[in-house]
Structure formats: structure tokens, C-alpha cells
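# sequence? don't have it. structure:
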Ligand SMILES: NC(=O)c1ccc[n+]([C@@H]2O[C@H](COP(=O)([O-])OP(=O)(O)OC[C@H]3O[C@@H](n4cnc5c(N)ncnc54)[C@H](O)[C@@H]3O)[C@@H](O)[C@H]2O)c1
Ligand SMILES: [Zn+2]
């Protein structure tokens with residue numbers, strides 16, 4: 001088993017990563033919680049695949065269990081599903097000394113984590129992530145939240161879990177598209193802060209080849225995320241580097257009204273754009289963009305940039321991560337090292353015009 005400790009001023013917690021750990025997660029959770037009762041918040045698909053194993057593991061460790069299943073997918077991060085979930089907790093007479101277990105992908109993690117943060121002013125919770133994206137990204141760092149009709153993740157809380165238990169064996173039932181989604185974040189970690197990981201990804205031929213190595217991949221990514229979160233829990237400095245590819249990516253998602261491109265696809269395209277912008281500015285070594293494009297395609301994502309740069313800038317301008325001085329872009333100094341670069345609107349427009357024209 002690999003273990004990472006996230007050390008934060010208020011509390012530290014462990015991330016435990018091991019193939020097959022689902023069967024032992026009851027005892028791992030028992031080691032950090034004396035709660036009599038655990039309420040598993042999950043989605044229908046995850047519960048149908050793994051619910052009985054989770055329930056048995058919790059019972060073996062002496063927990064009384066209940067489960068609440070939400071519909072699979074982003075639709076469960078709405079205010080309506082949040083209100084319904086809180087009502088279900090109240091109907092089950094859930095109290096503050098009970099434990100919430102977020103068992104699923106990023107949707108369940110965000111929804112259950114946010115609910116744990118605010119229901120009765122806060123209940124302890126544990127993350128048991130089941131998608132690659134959730135294991136390498138969303139389950140670590142304490143960002144929780146739900147969507148509003150006006151935008152994604154507009155309601156949220158920083159709320160750290162007691163423990164994260166990641167079982168990479170669960171990734172074998174994900175479809176290829178879902179695995180590729182997570183790979184966009186894996187490539188991101190390699191690009192911004194772990195060049196050995198980037199080289200490792202370059203050496204594997206694709207999803208089938210990397211799957212048996214997921215325990216190590218998840219460990220490396222969580223360890224990178226730990227470093228950023230420990231530096232900057234509240235996302236005002238170094239942690240912003242985790243947004244490499246995301247400023248462009250979020251705008252690409254919005255342009256397609258969240259239907260044309262999934263998050264991972266949009267981030268993959270965003271990383272390719274960011275590398276090219278860095279090269280044009282002379283901040284990123286030539287050829288970096290090509291390496292990222294190749295990697296993105298190797299793992300089933302697209303690098304094709306087909307978007308109107310004026311629309312891209314328009315959507316980036318309303319992104320909450322920019323300020324009056326201009327756009328705060330995350331660029332690469334080299335593979336494995338990133339920087340924050342502030343650029344004015346006109347300069348960015350000129351560069352994007354050139355890059356995107358060339359790509360068409
Ligand atoms: N909090 C954060 O720091 C953070 C970071 C990144 C993304 N997110 C959020 O994460 C969400 C996306 O997460 P996601 O991509 O995991 O999506 P998801 O939770 O919707 O899961 C994707 C699909 O995979 C299914 N699934 C889950 N585990 C499975 C398994 N082991 N085998 C088979 N199917 C399985 C789910 O039922 C669902 O249909 C977004 O809402 C995003 O905003 C949060
Ligand atoms: Zn992301």
C-alpha cells in the first residue's frame with residue numbers, strides 16, 4: 001500500500017492507495033473514526049457495481065450503515081439534488097457524530113463533501129473515489145461544491161476529509177472515455193511539476209498499457225496535489241498552477257455549452273494552447289506543445305483546436321481566476337515546471353489569433 005499524508009494547519013489526513021483496498025476500507029476508516037454509524041453517499045452505477053463490497057467492509061469494521069444513491073452524472077450537483085439529499089439525511093435521523101462516506105466519482109465527492117460541510121454545520125467525511133479523475137484530483141484538497149444554473153461549482157466550501165481511500169482496481173470498470181478524462185489531469189501533473197511522470201507517460205503506448213500501473217500513477221499524482229495543497233490550501237498562490245490548461249479549458253467547455261467537449265477533452269486542448277502560447281512568448285521551450293499534443297492523443301484525447309479565439313477570450317474574461325491586470329495564465333517553463341504569467345487582453349488576442357489560425 002502507498003500512503004501519503006496531507007499536512008494542513010487545521011488537520012492532517014492520509015491518502016491510502018492500494019489495488020483491492022475496497023475490501024479493507026472499513027477497518028481503514030475505523031482507524032480514523034469512532035462513529036457508530038456511516039452513511040454512504042454514492043451514485044446508482046457505483047452502488048450497483050461495488051455497493052455490496054463497500055457495505056460488507058463497513059459492517060466488518062462494526063459500522064451501522066445506510067446508503068443514499070443519487071443519479072449518476074453532473075445532474076446530481078444541482079441545488080435540487082442537494083436539497084433532496086439533505087432531506088434524506090434528516091429522514092434517516094443522521095446526527096453530527098455520524099460519518100459520511102463519499103463513494104464515487106468527482107460528482108459524488110463534490111456533492112457529498114459539500115453536504116458534509118454544511119449539514120448540521122458539518123459532519124466528518126471520508127472520500128472513497130472510484131474514477132481516475134476523482135482518485136488523482138477531486139478527492140484530494142478539500143474543494144467541495146455544487147452547481148448553480150448560472151455556472152459550475154458556484155456554491156462550495158473548503159472542507160477536508162478525514163481520510164481518502166483510493167482503490168485503483170476499481171478503474172478497470174470505467175469506460176475508455178472516462179479513463180481518458182482522468183488522463184488529462186494525469187498529463188497535467190506531469191507537465192506542471194513531475195517530469196519523470198511525463199516521461200513515464202511518454203513511454204507507455206496508451207490506456208491499455210498504463211492501466212496495470214495505475215497504483216503508481218495515482219500515487220504520483222496525489223503526491224503532486226498534496227504539495228500544492230500544503231503550500232496553498234485556499235487556492236490563492238501556488239495551487240493556481242493546478243489550473244494549467246483549465247483557463248482555456250473552462251472557456252472551451254462553455255463555448256460548447258458543456259455538450260461539445262467534456263472537461264478532460266477541454267483541458268487537453270487547453271494544455272496544448274497554453275504550451276503554444278508559452279512558446280510564442282519565448283517562455284516555454286520550442287517543441288513542448290508538440291510533446292503535449294502527442295501525449296494527449298496517445299491517451300484518447302483530442303488536441304485539435306477548433307474554436308473562435310474571440311469567443312475564447314470573451315469566456316476567459318468572465319472566469320473568476322483573472323483580475324484587472326489581465327489574464328493569469330499558467331504556462332510551462334519546461335516540462336515539469338510551471339509559472340504564472342499575467343498577460344494583457346490585446347496581447348493574448350494577438351497570440352491566440354496567430355496560433356488558432358495556424359491550427360485551422
Ligand atoms: N473538488 C475538486 O477539486 C474537483 C476537481 C476536479 C473535478 N471536480 C468535479 O468532478 C466532477 C467530475 O467527476 P468524474 O469525472 O469522476 O465524473 P462522475 O462522478 O460523474 O463519474 C463519471 C461516471 O463514471 C461512473 N463511475 C464512477 N466510478 C466508476 C467505476 N469504478 N466503474 C464504472 N463506472 C464508474 C459514474 O457513475 C458516472 O456515470 C465534476 O463535477 C467536476 O466539477 C472536482
Ligand atoms: Zn480539471
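Right, received. Where do you want to start? Note that the coordinates shown come from a computational prediction; the quantities given were computed from them, not determined experimentally. Ligands and ions are numbered 1, 2, ... in the order given.
# what sits against the residue nearest to residue 169 when sequence neighbours are not counted?
Leaving aside its sequence neighbours, residue 169 sits nearest to residue 19 (Cβ to Cβ, 6 or more residues apart in numbering; 4.1 Å). Heads up, the C-betas are built off the backbone N, CA and C, glycines and all. Shown in contact with residue 19 (Cβ atoms under 8 Å, 6 or more residues apart in numbering): 167-169, 214-215.
# can I get those in a markdown table with pLDDT, secondary structure and distance to residue 274?
Shown next, in a markdown table, are the contacts of residue 19 (pLDDT from 0 to 100; DSSP: H, G, I helix; E, B strand; the rest coil; distance: Cβ to Cβ, whole Å):
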| residue | pLDDT | secondary structure | distance to residue 274 |
| --- | --- | --- | --- |
| 167 | 98 | coil | 32 |
| 168 | 98 | helix | 28 |
| 169 | 97 | helix | 33 |
| 214 | 97 | helix | 26 |
| 215 | 97 | helix | 29 |
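# if any of these are buried, put those into a PyMOL selection.
The following PyMOL line selects those of the contacts of residue 19 that are buried, judged by 16 or more other Cβ atoms under 10 Å:
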select buried, resi 167+168+214+215
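# among the contacts of residue 19, which one sits closest to residue 245?
Proximity of the contacts of residue 19 to residue 245 was ranked by Cβ to Cβ; the top entry is residue 214 with 21.4 Å.
# how close does the residue nearest to the closest one when sequence neighbours are not counted sit to residue 346?
Excluding its sequence neighbours, the residue lying closest to residue 214 (Cβ to Cβ, 6+ apart) is residue 168, at 3.9 Å. From residue 168 across to residue 346, the span is 46 Å (Cβ to Cβ, to the nearest Å).
# quick one: residues contacting residue 92.
39, 66, 68 are the contacts of residue 92 under Cβ under 8 Å, 6+ apart.
# can we see that at 6 Å?
residue 66 (Cβ atoms under 6 Å, 6 or more residues apart in numbering).
# phi, psi for it please.
Torsion angles at residue 92 (phi, psi; degrees, to the nearest 10) stand at phi -80, psi 0.
# what's the answer for residue 125, then?
Here is the backbone geometry of residue 125 (degrees, to the nearest 10): phi -150, psi 160.
# so what's it bridging to?
Beta bridges link residue 125 to residue 100, judged by DSSP bridges.
# surely it is in contact with residue 98?
No. Contact between residue 125 and residue 98 fails when scored by Cβ atoms under 6 Å: they sit 10.0 Å apart.
# the two: who's more crowded?
The neighbour comparison of residue 125 against residue 98 (other Cβ atoms under 10 Å) goes to residue 125, with 28 against 23.
# now that one: how far from residue 141?
Per Cβ to Cβ, residue 125 is found 14 Å from residue 141.
# same check on residue 93?
Noted for residue 93: a distance of 31 Å to residue 141, by Cβ to Cβ.
# what about those two, which has more around it?
Using other Cβ under 10 Å, the more surrounded residue of residue 93 and residue 141 is residue 141, with 23 against 9.
# three-state assignment of that one?
For residue 141, the secondary structure call by DSSP: H, G, I helix; E, B strand; the rest coil comes out as coil.
# excluding chain neighbours, give the residue nearest to it in space.
Nearest one to residue 141, counting by Cβ to Cβ, 6+ apart, is residue 229 at 4.6 Å.
# up against ligand 1, what does the stretch 1-150 of the chain have?
Within the stretch 1-150 of the chain, the positions near ligand 1 by Cβ under 6 Å from any ligand atom are 43, 45-46, 49, 72-74, 77, 104-108, 110, 130-131, 133-134, 137-138, 141, 143.
# so among those, which ones count as buried?
Buried members of those, scored by 16+ other Cβ under 10 Å, are 43, 45-46, 72, 74, 77, 104-108, 110, 130-131, 133-134, 137-138, 141, 143.
# for the protein, which segments count as strands?
For the chain, the strands defined by DSSP state E occupy 2-6, 13-17, 37-43, 64-70, 99-104, 125-129, 143-148, 151-158, 163-166, 327-334, 337-343.
# export the ones you listed to JSON lines and tack on distance to residue 290 and mean pLDDT?
Compiled in JSON lines, these are given as follows (distance: least, Cβ to Cβ, whole Å; pLDDT from 0 to 100):
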{"stretch": "strand 2-6", "distance to residue 290": "32", "mean pLDDT": "97"}
{"stretch": "strand 13-17", "distance to residue 290": "32", "mean pLDDT": "98"}
{"stretch": "strand 37-43", "distance to residue 290": "38", "mean pLDDT": "98"}
{"stretch": "strand 64-70", "distance to residue 290": "42", "mean pLDDT": "98"}
{"stretch": "strand 99-104", "distance to residue 290": "36", "mean pLDDT": "98"}
{"stretch": "strand 125-129", "distance to residue 290": "32", "mean pLDDT": "98"}
{"stretch": "strand 143-148", "distance to residue 290": "32", "mean pLDDT": "96"}
{"stretch": "strand 151-158", "distance to residue 290": "31", "mean pLDDT": "92"}
{"stretch": "strand 163-166", "distance to residue 290": "32", "mean pLDDT": "98"}
{"stretch": "strand 327-334", "distance to residue 290": "13", "mean pLDDT": "96"}
{"stretch": "strand 337-343", "distance to residue 290": "18", "mean pLDDT": "95"}
